[in-house]
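**Student:** Using only what follows, build the 3D model:
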Amino acid sequence: MFENLTDKLGNVFKGLTKRGALSESDVENALKEVRTALLEADVALSVVREFIDKVKVRAVGEEVLRSVTPGQQVIKIVNDVLIEILGSSESELLIDHAPPAVILLVGLQGSGKTTTAGKLAFHLKSKKRKKVMLASLDIYRPAAREQLRILGEQAEVLVLPEIDGESPEKITKRAMAASKVQAIDVLILDTAGRTTLDTAMMSEAKEVFKLSKPSETLLVADAMTGQDAVQTASAFHETLAIDGVIMSKLDGDARGGAALSVKEVIGRPIAFASTGERIDAFEQFHPDRMAGRILGMGDMLTLIEQAEQAFEKEQAEEAAARLMGGQFTFDDFLEQMQALKKMGPLSGVLGMMPGMPKELKNAEIGDDALKPVEAIIHSMTHEERARPEIINGSRRARIATGSGTSVAEVNRLVKQFSEMQ
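**Tutor:** Below is the predicted model of the structure:
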């Protein structure tokens, strides 16, 4: 996400940090390039103006221009203002009250609303330990309710059974009653969308809002639609007074203008971001972490959180101890690699690491890239995995044949493993 903006800002800041001293004109010229980069990223013009004005006021002060590292000071100011624009602090859902807490999801058709409903349910169940029920109010889109049922199964949460011929209002009442009977903590209502904003959709959403009295009304906005997503957010906010935004398909948007604009335009925070196709590719939106990603500084906190979920602590500590003692084996390596795959696509993991080369961050590295390595290790005997130094020429040929790879690939893996040891 934000690849183009990150690259352009990186080039601007590289020019600033190379200079030993900065003049006011140096900062102004840099900010002109930043302004262009933001506009090309489809950030709303009003937001760009405010951003540049805030940075300029802080960056041209004597304290900055005469500091030992003025370029770094300017980058810090840009980072601080970026966090302000994105929302200053993460948004917490107000759902810890007498159950059921209702979350009303609204948005246009095609914004990823139903998929987001499943991801949000999984997030609340796995991270917040909530008992969740999903209910589809979309009686118009073919297979919408079936899609939600499948997502509910993946998330392992309850889904309100379908009854043909019911109106969205009747489904809402039934969902509310079923939630109370089944002691549900959070009820997620997936409303119907339209391809464009229209009176019928807004009127239906308002009626459901009155009946369900939601704790949170969240707009699902497609990040890839740019400023259209911001305009949609404004329209929904005027009608329903939304509490927050979920940016879907954020991983597919190289520009990022919608994410950078929505908070400033409607005054409501981005609560969550959908960052991939998997049901767990969904995370709370942290403005400070996102600012770090945009500026190419990585996002170590999110990386650590994902690692904590993927790796068994005791196993990781034992493997680390063996590695430090020179006893790290191919079995340990395979175990760690399989845990790494649980963290999602490798390109996304690499993108969160500070200082990672652009070529690696933008590379499409999927699970397939690890399959030859796994095949080679699985083709080794237990003794070979424990003592790689015994893998001679004939053993390498056998391993290559058994794994469907070449001797050169086996040689490369054994060499890399020895270096890592």
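**Student:** And residue 370, how far from residue 339?
**Tutor:** As defined by Cβ to Cβ, to the nearest Å, residue 370 lies at a distance of 12 Å from residue 339. All C-beta atoms are positioned from the backbone trio N, CA, C, and that covers glycine.
**Student:** One more: residue 53?
**Tutor:** Here the distance between residue 53 and residue 339 works out to 46 Å (Cβ to Cβ).
**Student:** The two: which has the busier surroundings?
**Tutor:** residue 339 (17 against 12; other Cβ atoms under 10 Å).
**Student:** Quick check: which element contains the more buried one?
**Tutor:** According to DSSP states H and E, residue 339 maps onto helix 330-341.
**Student:** show me where pLDDT drops low in the stretch 201-350 of the chain?
**Tutor:** By pLDDT under 70, the weakly predicted segments of the stretch 201-350 of the chain are 252-255, 297-313, 315-316, 319-320, 322-326, 340-341, 343-350.
**Student:** What helices and strands are in contact with the host helix or strand of residue 154?
**Tutor:** Element membership for residue 154, per DSSP H and E: helix 144-155. Helix 144-155 is packed against helix 113-127, strand 132-136, strand 158-159, with contacts defined by 3 or more Cβ pairs under 8 Å, 6 or more residues apart in numbering; DSSP states H and E.
**Student:** And the contacts of it?
**Tutor:** For helix 144-155, the surrounding residues in contact (Cβ atoms under 8 Å, 6 or more residues apart in numbering) are 114-115, 117-119, 121-122, 125, 132, 134, 136, 138-139, 158-159, 162, 190, 192, 279.
**Student:** For that helix, what is the distance to the chain centroid?
**Tutor:** Computed by Cα atoms, centre = their mean, to the nearest Å, the chain-centroid distance of helix 144-155 equals 21 Å.
**Student:** still on that earlier bit, just the buried ones out of the contacts of helix 144-155, please.
**Tutor:** By neighbour count, with 16 or more other Cβ atoms under 10 Å, those hold 114-115, 117-119, 121-122, 125, 132, 134, 136, 138-139, 158-159, 190, 192, 279 as buried.
**Student:** If you count neighbours, what's buried in stretch 32-39?
**Tutor:** By neighbour count with 16+ other Cβ under 10 Å, stretch 32-39 contains the buried residues 34-35, 37-38.
**Student:** Widest-spaced pair of those residues?
**Tutor:** 35 and 37 (7.3 Å; Cβ to Cβ).
**Student:** Looking at the buried residues of stretch 32-39, which one is closest to residue 330?
**Tutor:** residue 37 (45.6 Å).
**Student:** Please report phi then psi for the closest one.
**Tutor:** The phi/psi pair for residue 37 (degrees, to the nearest 10) reads phi -60, psi -40.
**Student:** Give me the nearest residue to it, chain neighbours excluded.
**Tutor:** Take residue 37 and drop its neighbours on the chain: the residue closest to it by Cβ to Cβ, 6 or more residues apart in numbering is residue 8, 3.9 Å away.
**Student:** what sits against that neighbour?
**Tutor:** 33, 36-37, 40.
**Student:** helix/strand/coil for it?
**Tutor:** Three-state call for residue 8 (DSSP: H, G, I helix; E, B strand; the rest coil): helix.
**Student:** Cool, thanks, talk later.
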